[in-house]
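Undergrad: When you get a sec, could you give me coordinates for this:
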Amino acid sequence: MRPVRLLPFTLLALLLLFPGCVPQSGVVIKSCSDCHQKELQRYRTGVLHKAVADNNCEACHLPHGLIGALKLKRGDEALCFECHPNTKKELEKAHIHAPLKEGACLKCHNPHSSFQAKDSKGILRAPGNALCFTCHDKDKFYKKTVHAAVDKGCDTCHVPHSSDRPGLMADEGNKLCARCHDANSPKFKKGHFEYISAGADCLSCHTPHGSDGDKLARNHTHKPFAEKKCDSCHNPAGSQEPLKTRLAADKLCYSCHRDLEADYKKANVHSPVAKGNCTACHDPHASDYKKELKGGEKTLCYGCHKDAEKRDGKKHLHSAITKSDCTGCHDPHASGQKAVLKADGADLCYGCHDRSKFSSVVNHAPVTEGKCLSCHDSHASDYKNELVSPMGDLCYSCHAAQKKAFNKVIRHPKVVEGDCIACHSPHVSSVPKLLVLKKDELCNKCHSKVAAPAGAEGAHKVVQEGKCLECHDAHASNNARQLVEDVGELCYRCHKEVKTGLSGAKLTHRPVEEGRCTSCHLPHGSKIKGSLPRPLKALCMSCHKDFEKSIEADKASVHKPVTEGACDQCHTPHFSTEKGLLVEKGDSLCNKCHTSQDTPAFKKAHGNIAAVKGSDCLGCHEPHAGKDKRLLHGIMHSPFEKMDCERCHKKI
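TA: This is a model prediction of the structure:
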């Protein structure tokens, strides 16, 4: 028989059937308001969010014990849409208010309550237009003449969330205006010179918010419109078709602009001009833009030139694009140059860029040839200065040989980065090779601290003369620090006496033998003689640790030149014909300092033995330091220790 297992849910059912078996904890579930009375009172003023009015905090928030205080159930606009599904549907319309499109409902709405009149809706963060002006510039709406609807409230004409009409308009064009303005009233007809306005576009003449002119007229008006001479272009007001123009569009325009008709017959004509469609770009009545354009130049041009709009979405834009000044380069009507440009080649660029700044002693070939677009894009680029490609790649497209030459182990950081203009001017220079400064000044621009520790007098001669390229390659090298040669051979270019002396030397200092000149010398200079990186004694002891140990030994007697750090008093630093790199042989070296050999004191110290030329001083004395003040060797032959020289030496 198989054992019976009591499932967990069976236990739960039993507990429910017999509740007396469940221990009573005494826990009472409280609402949020039981603890947060202070917050609740603050949210109880004005218009309340329904969840707040119903004391239902958990409609939006998770309870504190689960996640943490003030944690929302969802972190996006979907939380609002749970209760406001109709607002979600508004996202399907053609034009959506930016905050709704971004899911930023709380930009306009307070999530708890709003200090508004009791009959207002939307728990808005600010009343009426004040809310709109938190994003929209108020000064653009309040000018000399202000549309009455502005004072009534933005929602007189606009809807707050979305619309199928541009500008979030509440109705189609003139229908919206007709809500307040009766086009058939005598006053309206008189104000429009008895012309029937049916079919006319109100906004072609009037601005919807505020204007610096009268009657909300737009800032830039066509001359006949400004002079109220409607019949200059239209049929008379009482005619059967009063709004129809007297002539076809282009012929009508040329009836006044006769001088332009001939001017537009050039090799390249702007398409609307060629088609006689002046109103494709110009409003025939009034506009907020100069020359009565229908929009800002860039916006207007992009209406047809979709490819340009896509291209100009890059990171770096020509200033003409950022200023919306398409006509800075292009003639809007006709030109003798391709792309309806105002001038050809560099002459066009010099219309803005000072020509005098592009001519000097040394000129970059594309500048001389007027080929600005060899390097720059005329509209936009993903690269700084609107370059047509990354700087390094761009330069190498002409300087292919240099690219190959720079393919070495060690490269200048600016070569690695492709930042050629850090050293070279891209256009003109007064210095050879288009350098931005003279060679010495150029290197010091970044490497100003190289020679500073040496001071003006201690700097290496080539550093003083600013001849950095005597030692370094400006771009790349297979040697460390971009040196033009290995250190040893490089130094021998100037220090020929060292190389010559090495050929006849028996002994060579190891750093010299290995071509490690910079082990002892600073290549740029030092305040210490010989361009040494530290005082001579410390420098020598950095390798000769055995000598350093004997010198620093307790109660050691140290040879005076060693104490004074004058190692070069006895040793030559590079090469020698003598053992130990001594400057001279044996007693000849010692005799330079110890000149009193014939004195009684000297003779007594040497057992009354007269000085013998060619004696080996080091046979008895330590050259650096010893335990004896006479610098005698530590271990001595017994007769010598007792000064009994005659036991071994024959008296002469």
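
Undergrad: So what touches stretch 229-237?
TA: For stretch 229-237, the surrounding residues in contact (Cβ atoms under 8 Å, 6 or more residues apart in numbering) are 193-196, 224, 241-246, 252, 284. Every residue, glycine included, has its C-beta placed from N, CA and C.

Undergrad: Using PDB, list the CA coordinates for it.
TA: The C-alpha trace of stretch 229-237 is given here as PDB (Å, rounded to 0.1, in the frame of the first residue of the first chain):
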ATOM      1  CA  LYS A 229      -4.900  97.700 -53.300                       C
ATOM      2  CA  CYS A 230      -6.400  94.200 -53.600                       C
ATOM      3  CA  ASP A 231      -7.500  94.900 -57.100                       C
ATOM      4  CA  SER A 232      -3.900  95.300 -58.200                       C
ATOM      5  CA  CYS A 233      -3.800  91.500 -58.300                       C
ATOM      6  CA  HIS A 234      -7.400  90.400 -57.900                       C
ATOM      7  CA  ASN A 235     -10.600  91.000 -59.900                       C
ATOM      8  CA  PRO A 236     -12.700  93.900 -58.500                       C
ATOM      9  CA  ALA A 237     -14.700  93.100 -55.300                       C
END
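
Undergrad: Contacts only, for residue 115.
TA: Contact analysis of residue 115 by Cβ under 8 Å, 6+ apart lists 45, 46.

Undergrad: filter the contacts of stretch 229-237 to the buried ones?
TA: Applying 16 or more other Cβ atoms under 10 Å to the contacts of stretch 229-237, the neighbour count classes 195, 224, 242, 243, 252, 284 as buried.

Undergrad: that older thread, save the contacts of stretch 229-237 as CSV, and put in pLDDT and secondary structure too.
TA: As requested, the contacts of stretch 229-237 are arranged in CSV below (pLDDT from 0 to 100; DSSP: H, G, I helix; E, B strand; the rest coil):
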residue, pLDDT, secondary structure
193, 85, coil
194, 85, coil
195, 82, coil
196, 72, coil
224, 92, helix
241, 88, coil
242, 88, coil
243, 87, coil
244, 90, coil
245, 91, strand
246, 90, coil
252, 93, helix
284, 91, coil
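
Undergrad: farthest pair in those?
TA: The most widely separated members of the contacts of stretch 229-237 are 194 and 252, with 21.2 Å between them, by Cβ to Cβ.

Undergrad: Out of the contacts of stretch 229-237, which is nearest to residue 102?
TA: Nearest to residue 102 out of those is residue 284 (Cβ to Cβ; 38.1 Å).

Undergrad: distance of the closest one from residue 225?
TA: Remark: distance between residue 284 and residue 225 (Cβ to Cβ, to the nearest Å) = 8 Å.

Undergrad: Same question for residue 520.
TA: Separation of residue 520 from residue 225 (Cβ to Cβ): 90 Å.

Undergrad: follow-up on the earlier one: between residue 284 and residue 225, which contacts overlap?
TA: Common neighbours of residue 284 and residue 225 (Cβ under 8 Å, 6+ apart) do not exist.

Undergrad: Now residue 261. Nearest residue, chain neighbours left out?
TA: Taking Cβ to Cβ, 6 or more residues apart in numbering as the measure, residue 261 lies nearest to residue 254, with 4.5 Å between them; neighbours along the chain are not counted.

Undergrad: ok, the one you found touching residue 263?
TA: No. Residue 254 is beyond contact range of residue 263, at 10.9 Å (criterion: Cβ atoms under 8 Å).

Undergrad: the more surrounded of the two?
TA: residue 254 (18 against 11; other Cβ atoms under 10 Å).

Undergrad: quick one: low-confidence ranges for this structure?
TA: 1-28, 64-70, 116-120, 197-198, 610-613, 652 (pLDDT under 70).

Undergrad: Would you check how far apart residue 399 and residue 475 are?
TA: According to Cβ to Cβ, residue 399 and residue 475 sit 11 Å apart.

Undergrad: who has more neighbours, those two?
TA: Neighbour totals were compared for residue 399 and residue 475, and residue 475 leads with 16 against 13 (other Cβ under 10 Å).

Undergrad: Residue 626 - how many residues pack around it?
TA: Each residue near residue 626 was counted by other Cβ under 10 Å, and the total is 19.

Undergrad: ditto for the one 5 residues further on
TA: The burial count assigned to residue 631 is 19, neighbours taken as other Cβ under 10 Å.

Undergrad: Same question for residue 571.
TA: When neighbours are counted by other Cβ under 10 Å, residue 571 registers 18.

Undergrad: what's the distance between it and residue 35?
TA: Distance from residue 571 to residue 35, by Cβ to Cβ: 88 Å.

Undergrad: Could you do residue 398 as well?
TA: With distances taken as Cβ to Cβ, residue 398 is found 75 Å from residue 35.

Undergrad: Residue 474 touches residue 420, doesn't it?
TA: No. Residue 474 is beyond contact range of residue 420, at 11.5 Å (criterion: Cβ under 8 Å).

Undergrad: Let me see the contact set for the nearest residue to residue 412 once chain neighbours are set aside.
TA: Nearest residue to residue 412, sequence neighbours excluded (Cβ to Cβ, 6+ apart): residue 475, at 5.6 Å. Contacts here follow Cβ under 8 Å, 6+ apart; on that basis residue 475 touches 402, 405, 406, 411, 412, 415, 482.

Undergrad: Among the residues you listed, which one sits closest to residue 170?
TA: When these are compared for distance to residue 170 (Cβ to Cβ), residue 415 wins out at 62.6 Å.

Undergrad: got a list of what that closest one touches?
TA: If you count contacts by Cβ under 8 Å, 6+ apart, residue 415 has them with 392, 406, 475, 476.

Undergrad: wait, the first one sits on residue 420?
TA: Yes. Taking Cβ under 8 Å as the contact criterion, residue 392 and residue 420 are neighbours in contact, 6.7 Å apart.

Undergrad: show me the contacts for the residue nearest the centre of the chain.
TA: For the chain, the residue nearest the mean C-alpha position is residue 384 (10.1 Å; Cα atoms, centre = their mean). By Cβ under 8 Å, 6+ apart, residue 384 lies in contact with 316, 391.

Undergrad: let's see it at 7 Å
TA: For residue 384, the contact set (Cβ atoms under 7 Å, 6 or more residues apart in numbering) comprises residue 316.

Undergrad: The closest residue to residue 195 other than its chain neighbours: neighbouring residues, count only.
TA: Among residues not flanking residue 195 along the chain, residue 237 sits closest, at 4.9 Å (Cβ to Cβ, 6+ apart). Using other Cβ under 10 Å, residue 237 is surrounded by 15 other residues.

Undergrad: Ok, residue 280 next?
TA: By other Cβ under 10 Å, the residues close to residue 280 number 16.

Undergrad: do the same with residue 125
TA: 16.

Undergrad: now it: how far from residue 59?
TA: Applying Cβ to Cβ, the value for residue 125 to residue 59 is 20 Å.

Undergrad: before we move on, what about residue 368?
TA: Distance, residue 368 to residue 59, using Cβ to Cβ: 74 Å.

Undergrad: Tell me which stretches of the stretch 351-500 of the chain form helices.
TA: 365-368, 391-396, 400-405, 413-417, 439-446, 455-458, 461-464, 487-492, 496-503 (DSSP state H, counting those that start in this stretch).

Undergrad: List the buried residues in the fourth one.
TA: To tie it back to what came earlier, the one meant is helix 413-417. 414, 415.

Undergrad: quick one: residue 377 and residue 388 touch, right?
TA: Yes. Residue 377 is in contact with residue 388 according to Cβ atoms under 7 Å; the separation is 5.3 Å.

Undergrad: of these two, who's got more company?
TA: residue 377 (19 against 16).

Undergrad: List the contacts of the helix or strand that residue 546 is a member of.
TA: Here residue 546 sits within helix 545-551, counting by DSSP states H and E. Residues external to helix 545-551 that are found in contact with it (Cβ under 7 Å, 6+ apart): 541, 556, 558, 562, 624, 625.

Undergrad: 10 Å instead?
TA: With contact meaning Cβ atoms under 10 Å, 6 or more residues apart in numbering, helix 545-551 is reached by 537-538, 540-542, 544, 556-559, 562-563, 567, 622-627, 634.
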